[in-house]
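> Okay, sequence plus prediction incoming.
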Amino acid sequence: MADIGGHSIYKIEDTSMIYIPNDSVRVTHPDEARYVRIFQNVDLSSNFYFSYSYDLSHSLQYNLTLLQRPYELWASPASTAEEEVQTQSKQDSFDIFEDEGLPTQVVNSLQNEPYYKYVWNGKLLERVKDIVHHDWLMYIIHGFCGQSIKDNNNDNNNELLIYGRPVHITLIARRSSKFAGTRFLKRGANCEGDVANEVETEQIVNDASVMSFTAGSYSSYVQVRGSVPLYWSQDISTMMPKPPIR
């Protein structure tokens with residue numbers, strides 16, 4: 001869906017549920033089938049996004065501060081064996097900016113502790129995040145992600161040029177997972193101060209000819225909107241489920 005500083009952002013198109021243990025050691029629970037049905041009622045192919053190397057739950061400004069901090073402060077601790085593997089991987093990796101002579105900085109990923117307000121599978125990963133390797137933790141956001149890109153196969157592309165230089169405009173909308181719900185059922189604020197229908201919208205503008213956080217120029221504009229932060233109640237007995245549209 002988009003590329004930010006060489007980090008790709010993807011949209012979930014389809015999902016599959018896989019039972020990990022062998023069937024010979026499977027222990028059935030009386031509530032398992034009900035929980036599976038509840039989980040499958042969520043359409044994860046509808047406006048859910050993720051990235052293997054970029055933290056979508058935080059703004060660009062927050063993520064770029066990771067580049068200014070010492071690597072040891074935000075990277076996951078690695079053993080000696082893992083460090084040797086990482087060193088070998090960096091030696092074998094291909095630098096797309098090497099031929100262009102641009103100053104680069106090797107960054108495997110821009111991922112720290114996510115902002116759980118905008119993470120929609122945080123509860124599912126809560127029980128395993130301290131047990132499994134961090135590469136298995138795929139945090140997803142709900143909202144929207146789009147980018148103006150050039151399509152070589154389509155003459156009607158939406159490429160933007162400023163003085164002949166290509167420019168990418170990226171729009172990311174993050175819906176809050178706190179006090180979420182439909183408009184007629186969730187309004188105002190809850191006891192924790194979370195408001196309904198809270199969305200953080202970020203507009204990122206960058207030079208498309210340089211795909212590097214250290215060499216390129218980036219601008220980010222962030223807006224937050226949500227329901228009025230007051231307690232709200234209404235008489236649902238007189239509510240029309242399908243109000244007439246004029």
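Looks like it arrived, so ask away.
> going forward, measure contacts and count neighbours with C-alpha atoms only.
Fine.
> so where do the helices sit in the chain?
Counting by DSSP state H, the chain has these helices, from start to end: 32-40, 60-68, 71-74, 80-92, 122-126.
> Low-confidence regions, this protein specifically.
For the chain, applying pLDDT under 70 flags the ranges 69-111, 150-158, 234, 236, 238-240.
> Determine which residue lies closest to the centroid of it.
Nearest to the mean C-alpha position of the chain, counting by CA atoms, centre = their mean, stands Leu56 at 3.1 Å.
> Which residues are in contact with that residue?
Going by CA atoms under 8 Å, 6 or more residues apart in numbering, Leu56 touches 50, 140-141.
> Most neighbours of all these, which one?
Among these, Ile141 has the most neighbours (other CA atoms under 10 Å), with 27 neighbours.
> what are the bridge partners for that residue, then?
Listed beta-bridge partners, Ile141: Tyr49 (assigned using DSSP bridges).
> which strand of the chain spans the most residues?
Using DSSP state E to define each element, the chain has its longest strand at strand 165-175.
> What residues sit buried inside that strand?
Residues 166-175 are the ones in strand 165-175 that count as buried (16 or more other CA atoms under 10 Å).
> Of the residues you listed, which pair is most distant in space?
Distances among the buried residues of strand 165-175 were taken as CA to CA; the most separated pair is Pro166 and Arg175, at 29.6 Å.
> follow-up on the earlier one: so what are the sheet partners of the longest strand of the chain and their directions?
Sheet partners assigned to strand 165-175 using DSSP bridges are listed as strand 141-147 (antiparallel), strand 160-162 (antiparallel), strand 199-207 (antiparallel).
> For that strand, which outside residues touch it?
Contacts for strand 165-175 (CA under 8 Å, 6+ apart): 2, 57, 118, 141-149, 159-161, 197-209.
> just stretch 125-140 next, same as before
For stretch 125-140, the external contacting residues (CA under 8 Å, 6+ apart) are 48-52, 56, 114, 119-122.
> Please check those and keep the buried ones.
Here, 16+ other CA under 10 Å leaves 48-52, 56, 119-122 buried among the contacts of stretch 125-140.
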